[in-house]
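**Q** This is a predicted model, with the sequence first.
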2 protein chains.
Amino acid sequence: MAERRTTSLKDVAKEAGVSVTTVSRFLNGKLDLPDTTKKRIESSIARLKYEPNPHARRLSRGQTDTIGLVVPDIANPFFGTLVAAVEEAADSRGLAVTLYATLNRADRELAYLSRIERNHVDGLVFVTNHPDNGDLAALINRTGKVVVVDEDVPLATVPKLFCDNENGGFLVGRHLAEFGHQRVLYIGGPEEMISTQRRYKGLERALQQDHGDRAVIDRYVGAYTIEFGREAARRFVDENLPATAIFAASDEIAIGLIEVFRASGISIPDDVSVIGFDDVGPLHLFGPPLTAIRQPVRTLGQRALSLLMDTDWQRDAPIASEELLPVEIVVRDSVAPPAKK
Amino acid sequence: MAERRTTSLKDVAKEAGVSVTTVSRFLNGKLDLPDTTKKRIESSIARLKYEPNPHARRLSRGQTDTIGLVVPDIANPFFGTLVAAVEEAADSRGLAVTLYATLNRADRELAYLSRIERNHVDGLVFVTNHPDNGDLAALINRTGKVVVVDEDVPLATVPKLFCDNENGGFLVGRHLAEFGHQRVLYIGGPEEMISTQRRYKGLERALQQDHGDRAVIDRYVGAYTIEFGREAARRFVDENLPATAIFAASDEIAIGLIEVFRASGISIPDDVSVIGFDDVGPLHLFGPPLTAIRQPVRTLGQRALSLLMDTDWQRDAPIASEELLPVEIVVRDSVAPPAKK
DNA sequence: ACGATTTAGTAAATCGGTTTACAAAACCTC
DNA sequence: GAGGTTTTGTAAACCGATTTACTAAATCGT
């Protein structure tokens, strides 16, 4: 690899016998040139294989044509799909994407955010999965040009985009109620998180609507992880809870849960009914196929990007909005009438 | 959002009463300063909340501290996990990652690569999933500082990193042979791809080793997609193939296959045995749990990064190496002795 | 044919750092 | 205390683009 001095605008200008300014303007469409000049420049560019240096460009324009995407963990298919959608949408606008994986650690969220604050990117799509003590919100508000997606950062006054968690919970509750379930176990993420609050609330509303006071909901609070799914399953078995149906508030929780149930010989839906949430994995091939609420993940990603790019950020007042994307229930075979124990 | 003039090195220097050079050098550890000066500079930085402008930095150093990651599709859990591993490894070295999703389109691979060629990133981890007519290889060789991962680009003379596909195929064949299968259907990706060639070869070797000439392998050539899995399943049914076991060369193919088999009432493993490849999805929860070859995806990602960063690229001769990572078979319940039809 | 406007083009400043070349001060050595 | 070396520091060039301010030439209306 020799010391490849990259060809610069100056080289092109010299080759074409014009000034750098002329070439630059021409390239940026700010100058109409007579055909002869135009041809000359174009052929010089081709001959020299000129590619503009993006860093110089960004430095002088004070704009990066890059957006940042902060996400807990891309290995998780839900976030992976979200990233894919954002990336695709960004690319179609000529934007590059820089990825910041926080690996579920709050300090990394803060670190990234403050590094980004000044100059790294033109805007930020922010996906957290942790409760915030206010630090994060403060930083987000200071940074500007941030869109919060999927999970709330309560004190942040920026555009927010979630799926309709409350209705998701409601759909679960109604489906369960239709099968006659009155006692349901809700297994969800950290208490402070808006997604879990709303899913629970929706569940509650639906169940009470159908069964009134006879509806009894137990609730395990933990994390949206496989490990917590396992833990909850073990606890459910140990405590011998009277619940006849379980609402697992994420694919991961459902996976952990099913693992343990299988190992313990608990049959779904004969012994207990289960409904999941997210539906990005191949739940339809599970044994039995798992009924679940489907999140519109790709739409979430696309919309996040357009929210980021099409918002008028010039206005002085902070822009706090909240947009909800509809969810749907995908009925499969993991719900049956309550087992008579 | 007011016109936030970001504080620059100059501001810090003025505040601290020294020159910009001094601050710059100090920050880069190229200058030991007396405590008083040091304190002064540090407190100025803190007071002004100085953050270096990365673009200026990159421009003047001619180095980006960023690597590029070209990948077909992050929504695919296999690639998602790979990206996650690379990202994590990169981050621990202080490197940022810019993501380029090619969305399975060869022209985008070329476009990205030539954009990158000059100045965008310090190095590139390249994952393709298409056959190459030579254009890609030429571009890769010209670019330099590229590592090819997971799938080969035959004419590229750069370090390459794959999993041990041949042994993967062999493990499948041996497992199948142990159950008495002699007639096997191999469903794999595009013929030109090294991964599918080697998996097939391994399968063949194992089967012939155990059953000699009685081993009969049919082969469907397509793509590593769910859609092709479905197609292959339909074809298998239509053609009424005598195969008693199927080797599906990716998670996706297996998923499509199982979908159709379920719909057609074909039972795994009673009617036909199935083995998958990749094992990144929750195959263990399928009905029945799917036996599969497990790729060391995370290791693949980590190793890719160290290959990229620890290779001595200075040498004139192109560096062509090939490293294989071991795979293992995860035995579950999708293989049984051949059904007597 | 004259001044007014538009077009085609240039030189130089700027973005915010790093780095080279050099100067002054401090510290040794004999 | 003269000469050499190290420490501490500065001014200025440079990376490769964009952009401002300005000029020369061409075009226009009347």
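**A** Yep, it's here.
**Q** Now do the contacts for A:V147.
**A** A:123-126, A:158-161, A:304, A:307-308, A:311 (Cβ atoms under 8 Å, 6 or more residues apart in numbering or on different chains). C-beta here means a position set from N, CA and C on the backbone, and glycine is covered the same way.
**Q** what about the closest residue to DNA strand C within the stretch 1-150 of chain A, neighbour count?
**A** In the stretch 1-150 of chain A, the residue found nearest to DNA strand C is A:S19; the distance is 3.0 Å by Cβ to the nearest atom of the strand. Using other Cβ atoms under 10 Å in any protein chain shown, A:S19 is surrounded by 13 other residues.
**Q** So which of the contacts of A:V147 sit within strands?
**A** Counting by DSSP state E, the contacts of A:V147 place A:123-126, A:159-161 in strands.
**Q** hmm, back to that, could you identify which of the contacts of A:V147 has the most neighbours?
**A** A:F126 (30 neighbours).
**Q** mind checking pLDDT for that residue?
**A** With respect to pLDDT, A:F126 has a value of 95.
**Q** so it makes contact with A:E151?
**A** No - between A:F126 and A:E151 there is no contact under Cβ atoms under 8 Å: 9.5 Å.
**Q** All the strands of the stretch 151-300 of chain A, residue numbers only.
**A** Assigned by DSSP state E, counting those that start in this stretch, the stretch 151-300 of chain A shows strands spanning A:159-163, A:183-188, A:216-221, A:245-248, A:273-278, A:291-294.
**Q** DNA strand C is nearest to which of those strands?
**A** Closest to DNA strand C of those is strand A:159-163 (Cβ to the nearest atom of the strand; 26.6 Å).
**Q** I'd like the average pLDDT over that closest one.
**A** If you average the pLDDT values across strand A:159-163, you get 97.
**Q** Is chain B within reach of that strand?
**A** No - using Cβ under 8 Å from any Cβ of the partner chain, we find that strand A:159-163 stays clear of chain B, coming within 13.5 Å at best.
**Q** From the rest of the structure, what touches that strand?
**A** Strand A:159-163 is contacted from outside by A:147-152, A:194-195, A:295-296, A:300, A:303-304, A:307-308, A:311, A:319-327, using Cβ under 8 Å, 6+ apart.
**Q** could I have it exported to PDB, CA atoms only?
**A** What follows is strand A:159-163, C-alpha atoms only, in PDB (Å, rounded to 0.1, in the frame of the first residue of the first chain):
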ATOM      1  CA  PRO A 159     -40.500  14.100  19.100                       C
ATOM      2  CA  LYS A 160     -41.300  10.600  20.300                       C
ATOM      3  CA  LEU A 161     -42.400   7.600  18.400                       C
ATOM      4  CA  PHE A 162     -43.800   4.500  20.000                       C
ATOM      5  CA  CYS A 163     -46.000   1.600  19.100                       C
END
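**Q** secondary structure element for the one residue in the stretch 1-150 of chain A that gets nearest to chain B?
**A** Residue of the stretch 1-150 of chain A nearest chain B, by Cβ to the nearest Cβ: A:G80 (3.4 Å). Here A:G80, judged by DSSP states H and E, is contained in helix A:77-92.
**Q** Check A:K10 too.
**A** helix A:9-16.
**Q** Spell out which residues of chain A are next to DNA strand D.
**A** With Cβ under 7 Å from any atom of the strand as the criterion, chain A meets DNA strand D at residues A:5-6, A:8-10, A:20-21, A:24-25, A:27-28, A:30, A:50-53, A:56-57, A:59-61.
**Q** one step back: ignoring the adjacent residues along the chain, who's closest to the residue of the stretch 1-150 of chain A closest to DNA strand C?
**A** A:A13 (5.7 Å; Cβ to Cβ, 6 or more residues apart in numbering or on different chains).
**Q** what about the one you found, how many neighbours?
**A** With other Cβ under 10 Å as criterion, A:A13 counts 18.
**Q** Likewise for the one 4 residues further on?
**A** A:G17 is flanked by 11 other residues according to other Cβ under 10 Å.
**Q** picking that back up, so how far is A:V12 from the residue of the stretch 1-150 of chain A closest to DNA strand C?
**A** Distance from A:S19 to A:V12, counting by Cβ to Cβ, to the nearest Å: 11 Å.
**Q** Done for today, thanks.
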